[in-house]
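# sequence first, predicted coordinates after that:
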Amino acid sequence: MRDVSEEPPREVVRALGTATREALNNVARHSGTTTAWVTARLRRGGVMVSVVDRGRGFGLCHSIRRPVEEVGGSVRVRSVPGESTTVELRWPR
């Protein structure tokens, strides 16, 4: 387990940033809303980033999942059609 006071490796920061940007692009393109919330927090030696919108919902695209999984992280999506989508990016898993 990593010390939570340590910064994540540069490649992890880059991967989470790429995936967050892609999640926000999906909100802009597909959700039907112009508002999204991004939260980042340390959690037990890792990082969790969440992107939440209250739009029509959308699926997970490869451009969100791939960079996170390549650095040992995971992605979880909860989407309720017509209501909201939450994308959680976690590192490590």
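Thanks, I have it.
# ranges for the strands of the chain?
For the chain, the strands defined by DSSP state E occupy 36-43, 46-53, 74-80, 84-91.
# out of those strands, which is closest to Leu60?
Closest approach to Leu60 among the strands of the chain (CB to CB): strand 74-80, 4.6 Å. No exception for glycine: its C-beta is placed from N, CA and C like everyone else's.
# ok, and for the closest one, which residues are buried?
By neighbour count with 16 or more other CB atoms under 10 Å, strand 74-80 contains the buried residues 75, 77, 79.
# go on, stretch 41-52?
Judged by neighbour count using 16+ other CB under 10 Å, the buried positions of stretch 41-52 are 46-52.
# how far is stretch 49-65 from where the chain is centred?
Its chain's C-alpha centre and that of stretch 49-65 lie 8 Å apart, by CA atoms, centre = their mean, to the nearest Å.
# do stretch 8-27 as well
7 Å.
# mean confidence for that stretch?
Regarding stretch 8-27, the rounded mean pLDDT is 95.
# then stretch 37-56?
For stretch 37-56, mean pLDDT rounds to 93.
# got a list of contacts for it?
Residues from elsewhere that reach stretch 37-56, judged by CB atoms under 8 Å, 6 or more residues apart in numbering: 1-4, 8, 12, 16, 19-20, 23-24, 27, 30-33, 35-36, 81-92.
# which among the residues you listed count as buried?
Buried among those (16+ other CB under 10 Å): 8, 12, 16, 19-20, 23-24, 27, 30-31, 36, 84-85, 87-91.
# hmm, back to that, closest one to Phe58 out of the buried residues of strand 74-80, please.
Distances from Phe58 to the buried residues of strand 74-80, taken as CB to CB, are shortest for Ser79 (6.3 Å).
# spit out the contact partners of that closest one.
Counting by CB under 8 Å, 6+ apart, Ser79 has contacts 57-59, 85-86.
# tell me the bridge partners for it.
Thr85 (DSSP bridges).
# what about it, distance to Pro9?
Applying CB to CB, to the nearest Å, the value for Ser79 to Pro9 is 30 Å.
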